[in-house]
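> Got a sequence here, can you build the structure:
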Amino acid sequence: MKLKLQILTSEKEIFNDDVDEVVVPTTAGVIGILPQHVPLVSQIAPGEIVIKNNNDSIMMAVFGGFVEINSNNVAILADYAARVEDIELAKAEQAKERAEKLMQEKLSEKDFILAEAELQKALMQLRIANKYRKSR
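Okay, here's the model as predicted:
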């Protein structure tokens with residue numbers, strides 16, 4: 001028995017296939033989802049999604065959003081999601097530097113929060129991309 005996994009962002013569908021298992025970071029902790037998992041809706045925490053199918057693993061970076069599990073269907077609606085190999089290190093490094101610079105300026109509270117979120121996203125991308133690219 002397989003899970004039907006769909007990962008979407010507001011821009012595009014990132015993944016849509018049958019899989020054996022998916023591991024998702026949530027605000028309540030990392031959860032492993034196998035067929036026949038209990039129905040669940042949870043908020044996603046920044047981190048990595050691990051998709052396992054047969055003997056292959058696909059690693060993805062994710063930032064924000066929700067996961068819904070229902071009848072062997074797993075739907076992830078993410079603010080940001082990308083396969084590790086699709087993360088552009090140079091762009092992530094530039095985003096990190098830009099966010100750090102903005103945070104040092106005298107910003108409104110709203111702008112500071114947005115810059116801080118952008119920094120966290122860039123740091124997560126760099127951490128996950130470097131982790132899996134070094135292990136290859």
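> For the rest of this, base every contact and every neighbour count on C-alpha atoms.
Will do.
> show me the contacts for Ala122.
By C-alpha atoms under 8 Å, 6 or more residues apart in numbering, the residues touching Ala122 are 92-93, 95-96.
> out of the residues you listed, which is most surrounded?
Lys96 (23 neighbours; other C-alpha atoms under 10 Å).
> so what pLDDT did it get?
Looking at Lys96, its pLDDT reads 80.
> ditto for the one 4 residues further on
The score at Glu100 is 82. That number is its pLDDT.
> just checking, it touches Glu118?
No. Between Glu100 and Glu118 there is no contact under C-alpha atoms under 8 Å: 9.1 Å.
> With neighbour numbers in mind, choose between these two.
Each of Glu100 and Glu118 has its neighbours counted (other C-alpha under 10 Å); Glu118 has more, 18 against 15.
> The more buried one in helix, strand or coil?
helix (DSSP: H, G, I helix; E, B strand; the rest coil).
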